[in-house]
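K.L.:
Build the 3D model from these lines:
(one chain, ligands or ions: 2)
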Amino acid sequence: MTKEKGYGIIDTESQYHWNGIMKIEPEKVFQQALESRSLRYTKQREEILHYLLKAKKHVTPEEMYRDLNKEDPSLGRATVFRTLNLLQEAGLANKIQFADGKSAYEHKFSRPHHDHMICVECREVIEFSNPTIERLQDQITHQFEFKPLWHRHEIFGRCKRCQKQKNGKSK
Ligand SMILES: [Zn+2]
Ligand SMILES: [Zn+2]
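P.N.:
Numbering: from 1, shown residues only. Ligands and ions are numbered 1, 2, ... in the order given. All right, here's what the predicted structure looks like:
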């Protein structure tokens with residue numbers, strides 16, 4: 001049983017289209033990014049963007065393909081993968097790489113920065129953000145006169161449930 005888990009503490013419930021006082025639409029951002037590559041903003045690309053914006057968890061391209069293909073059978077698997085790449089390049093999506101090579105995506109339109117703990121057994125993703133870690137990272141980059149643009153902090157291991165399963169039936 002996998003219970004539908006939300007993003008957790010970091011979720012910013014439908015605030016994504018507000019950025020300060022100005023309303024910035026993710027569709028506009030994506031459209032511009034596509035135009036700069038001479039690509040068209042198609043209906044299918046928009047469907048994929050909206051799916052990701054509405055998702056309350058990290059979704060795999062396969063899940064996305066399965067759900068969207070039900071609504072629109074003309075949507076191909078390759079389009080999903082390609083569009084996810086484009087969304088990532090446009091700064092609208094973030095890719096999470098699992099230990100087994102599989103991946104999942106989350107949108108990062110106006111979502112606050114956070115890091116991930118990733119289970120190597122069941123691919124559960126736990127989001128966290130810690131001001132001490134962030135501050136330390138700033139200090140370290142400053143020391144090295146390195147100008148950070150973004151960072152990704154991922155901890156791989158076993159979630160609580162999978163640790164229990166590894167230890168047999170012990171409760
Ligand atoms: Zn697990
Ligand atoms: Zn996340």
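
K.L.:
Could you list the residues of this structure in contact with ligand 2?
P.N.:
Residues of the chain lying close to ligand 2 (CB under 5 Å from the ion) are E106, E127. For every residue, glycine as well, the C-beta is placed using N, CA and C.

K.L.:
Now do the strands in the chain.
P.N.:
With DSSP state E, the ranges of strands along the chain come out as 18-19, 22-23, 93-97, 103-107, 115-119, 125-128, 154-157.

K.L.:
Of all those strands, which one is nearest L34?
P.N.:
Closest to L34 of the strands of the chain is strand 93-97 (CB to CB; 13.6 Å).

K.L.:
helices or strands next to the closest one in the packing?
P.N.:
Using 3 or more CB pairs under 8 Å, 6 or more residues apart in numbering; DSSP states H and E, the elements in contact with strand 93-97 are helix 77-89, strand 103-107.

K.L.:
ranking those by burial, who's on top?
P.N.:
Counting by mean count of other CB atoms under 10 Å, strand 103-107 has the highest mean neighbour count of the helices and strands packed on strand 93-97, with a mean of 21.

K.L.:
Mean confidence (pLDDT) on it, please.
P.N.:
The average pLDDT within strand 103-107 is 94.

K.L.:
still on that earlier bit, quick check: which of the strands of the chain is nearest to K54?
P.N.:
strand 103-107 (8.8 Å).

K.L.:
what's the angle from that closest one to strand 93-97?
P.N.:
Strand 103-107 runs at 150 degrees relative to strand 93-97, counting by axes from the mean of the first three to the mean of the last three CA atoms, to 10 degrees.

K.L.:
just how off-centre is strand 103-107 within its chain?
P.N.:
In terms of CA atoms, centre = their mean, to the nearest Å, the centre of strand 103-107 is found 3 Å from the chain centre.
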